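Quick one, fold the following:
(chains A, B, C and D)
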There are 2 protein chains.
Amino acid sequence: MTVTLADVAARARVSPATVSRVLNGNYPVAAATRERVLRAVDELDYVLNGPASSLAAATSDLVGILVNDIADPFFGIMAGAAQTEIGGQEGTGRAGGEKLAIVCNTGGSPERELTYLTLLQRQRAAAVILTGGALEDPRHTAAMTAKLARLADAGTRVVLCGRPPLPESDAIVAALAFDNRGGGRRLTEHLLALGHRRVGYVAGPLERTTTRHRLEGHWAAMAAAGLSEEWRAGGAAEERESLTVHGPYTRRSGYEATLELLRRAPDLTAVVAANDTVALGACAAVREQGLRIPQDVSVAGFDDLPFAVDAVPALTTVRLPLYEAGARAGRLAMGTEAPPPGGIATIAAELMARASTAPPRRD
Amino acid sequence: MTVTLADVAARARVSPATVSRVLNGNYPVAAATRERVLRAVDELDYVLNGPASSLAAATSDLVGILVNDIADPFFGIMAGAAQTEIGGQEGTGRAGGEKLAIVCNTGGSPERELTYLTLLQRQRAAAVILTGGALEDPRHTAAMTAKLARLADAGTRVVLCGRPPLPESDAIVAALAFDNRGGGRRLTEHLLALGHRRVGYVAGPLERTTTRHRLEGHWAAMAAAGLSEEWRAGGAAEERESLTVHGPYTRRSGYEATLELLRRAPDLTAVVAANDTVALGACAAVREQGLRIPQDVSVAGFDDLPFAVDAVPALTTVRLPLYEAGARAGRLAMGTEAPPPGGIATIAAELMARASTAPPRRD
DNA sequence: ACGGCCGCAGCAAGCGCTTTCTATGAGGTA
DNA sequence: TACCTCATAGAAAGCGCTTGCTGCGGCCGT
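Presented below is the predicted three-dimensional model:
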């Protein structure tokens, strides 16, 4: 039925061992023999049995890339870049060093995240790349740390991309963290410099590192401008809360949250969104209220996804070098690039001031 | 070092066979014994060895989803939907019927497409979903047909999603094809009905089924309106060609191609793009030329990706039910849903007339 | 009360490959 | 010529799991 190594060996009139060695190319085989074997492989249309080979060798050439939402280009871009570095060109046997990247969509679910790690552990994956923000649940964090430790024990290289390093875990080859806090701060500073004082914030889901860091940057800027004082005077933390609404990283959330913000504070002059997708929803909501962007309300996003520049007006946002980060993560996973000192690198976030933000109208 | 089935068996004071049966749950095991085994599994933090298990059982619970470009939401949405149906919740053992979806990014490369199919064949994948348009190269088509036949032989279920069925191949469980031709035709008819006569077309890459079908729909509409006559009079096929430019499915391509079209035919009143992403680039180009949308030039896309409705003006496009199609493909791959009669289903494409198209200006 | 069944657990034979160790012959050296 | 060294190829022992078949008590039927 299915062709096995032994069949190839028989046809090439050599032993199975020799065929294996030809295919793996890590043992001297006479040119003539190799030739004969390769011909047999070709003629029989032989395909290596992955499970058998992984079992015997106790390794595989799979690299897992975990993403929170595959439909979101934020992850797609990173995953694609990583995958480019990891490769995927090979013939019947294993070409040298080439690995195969597979993308696993967790949908943001912690269970699924662990499930996929288990799968990859099962498959003895060569490396795992975790992209995007992490959930800040102590239980889940502990489970992840433990799981990653076991993976590392088994020889799997673990790389984080766009995710802060795990506390006291030495299982990780490298962590590339985006400077979400700094980016968030600079974005709000830009708004403040334009003269805005009443700034609404459509935040991402609670308990995500990305959400928290961006929000912290925002608040830091507000506080530095002395605006936290105003809050304190005018009603303490509730006031601050009232200008922040949480929701998923979706357009719809941006739309609804912005309507809500506008209802709570009609005198808002700017809305900062958790990311560009959310910002698009915010724009729609602002327009629906008959307000103009940026004359009446400024809107800003985060990430600088490709479509941000095409929004009308072009979206002010914070550029994250997603492609570069993904590619670097890919190289780290392959062991092609040396890890940064301490295994941790912070990736700069650059403010992209565009047309969707302007000074507030003077009433 | 690593915990094996045997270790678990020893701790639970049963035979390895029993542990295996508890984990796979397809053989009667006394409740008390099962309990003991599960406890041992938990205590030892045991993880099944995937390769070993796949080898022995000659199957695996992996489902591969091949996509052309993971950074493109077009694919992300389908893949995400399919993955939702396929699941990914399971404990240490294999929960009943649950499979694990992995996404493979071919980047549009035929070699990589085959490589991934080989990988999945190697892994004895339970099913494979191929999304998006196919390459129309006879050599590659033949290779794919052969490869899919072998996969099917080995028991892998093959589902096509958004891709036309392969000629004379019975390897396929089902093919869900989008009505790209019909959608393209209706879109151009809409433009013609508005009064447009000079319509530019920014097409996708050559030799892709999707590109060709959409283009055929466009031409069919033009011909039906008697506009092919005008062409014939005014310079035969070259004229028709001159209003069509090919390029990749990227924003940049849309931008450049539109500038080129405007140069060739300054009297153009409408531009149809291969998809929404390309349309965004087209919009940018039109604006850069100082032209207004839709007053001076109408622009239309295809796919109705989430951001299409957020473009300003909102983009006229053709809606493809990507999520539904992906989900259905997922169910077909799981065997949860009966294949359509003949294994082939055409999925309707709906015209979404929005603000980016309007009657041409009367000069 | 005895044979037959049935429910449950164990034995052992692989699944197809990798890899260590051993065998063999050719070529070089003293 | 006898001995030693390489360079290659083969033999065989698993890798960790699944599963057909066997074995063993206890319960039922008559």
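
Next, A:G108: phi, psi?
phi 80, psi 0 (degrees, to the nearest 10).

measure it to A:A349 for me?
22 Å (Cβ to Cβ, to the nearest Å). Glycine gets a C-beta too; all of them are placed from N, C-alpha and C.

Please point out which parts of stretch A:258-275 sit buried.
A:258-262, A:268-275 (16 or more other Cβ atoms under 10 Å in any protein chain shown).

In helices, which of these appear?
Taking DSSP state H, the ones among these that sit in helices are A:T258, A:L259, A:E260, A:L261, A:L262.

host element of the residue in the stretch 51-200 of chain A that DNA strand D sits nearest to?
Across the stretch 51-200 of chain A, the shortest distance to DNA strand D (Cβ to the nearest atom of the strand) belongs to A:A56, at 3.7 Å. Assigned by DSSP states H and E, A:A56 belongs to helix A:50-57.

can you map out the helices along the stretch 51-200 of chain A?
All helices of the stretch 51-200 of chain A, identified by DSSP state H, counting those that start in this stretch, fall at A:73-86, A:110-122, A:138-153, A:180-194.

Could you identify which of the ones you listed is most buried?
When you average the neighbours per residue for each of these (mean count of other Cβ atoms under 10 Å in any protein chain shown), helix A:73-86 leads with a mean of 26.

ok, then the element right after the helix or strand of chain A with the lowest mean pLDDT?
Ranked by mean pLDDT, DSSP states H and E, the weakest helix or strand in chain A is helix A:227-242, scoring a mean of 53. As assigned by DSSP H and E, the chain's next helix or strand after helix A:227-242 is strand A:244-246.

So which elements touch that next one?
Under the contact criterion of 3 or more Cβ pairs under 8 Å, 6 or more residues apart in numbering or on different chains; DSSP states H and E, strand A:244-246 touches strand A:199-203, helix A:251-264.

Mind checking those for the one nearest to B:L130?
B:L130 lies closest, by Cβ to Cβ, to one member of the helices and strands packed on strand A:244-246: helix A:251-264, at 28.6 Å.

my read is A:G342 is in a strand, agree?
No - with DSSP: H, G, I helix; E, B strand; the rest coil as the criterion, A:G342 is helix rather than part of a strand.

Looking at the ones in helices among the buried residues of stretch A:258-275, spot the one nearest DNA strand C.
A:T258 (56.5 Å).

Next up, the contacts around that closest one.
Counting by Cβ atoms under 8 Å, 6 or more residues apart in numbering or on different chains, A:T258 touches A:G200, A:V202, A:V271, A:G281, A:A282, A:A285, A:V286.

what's the spacing between the fifth one and DNA strand C?
Taking Cβ to the nearest atom of the strand, to the nearest Å as the measure, A:A282 and DNA strand C are separated by 54 Å.

Make sure that residue is indeed in a helix.
Yes - looking at A:A282 with three-state DSSP, it is inside a helix.

distance of it from chain B?
Look at A:A282 and chain B: by Cβ to the nearest Cβ, to the nearest Å, they are 10 Å apart.

Quick check: that residue touching A:A203?
No - judged on Cβ atoms under 8 Å, A:A282 makes no contact with A:A203 at a distance of 11.8 Å.

Give me the contacts around stretch A:136-146.
Counting by Cβ under 8 Å, 6+ apart, A:110, A:113-114, A:117, A:134-135, A:166-167, A:169, A:171, A:207-209, A:212 sit against stretch A:136-146.

of all the residues in chain A, which ones are close to DNA strand C?
With Cβ under 7 Å from any atom of the strand as the criterion, chain A meets DNA strand C at residues A:2, A:4-6, A:16-17, A:20-21, A:23-24, A:26-27, A:48-49, A:52-53, A:55-57.

now, which of those residues lie close to chain B?
Among those, the residues within reach of chain B (Cβ under 8 Å from any Cβ of the partner chain) are A:T2, A:L48, A:N49, A:A52, A:S53, A:L55.

What is the neighbour count of the closest residue to the last one other than its chain neighbours?
By the measure of Cβ to Cβ, 6 or more residues apart in numbering or on different chains, the closest residue to A:L55 outside its immediate chain neighbours is B:P51, 4.1 Å from it. Taking other Cβ atoms under 10 Å in any protein chain shown as the neighbour definition, B:P51 ends up with a count of 25.
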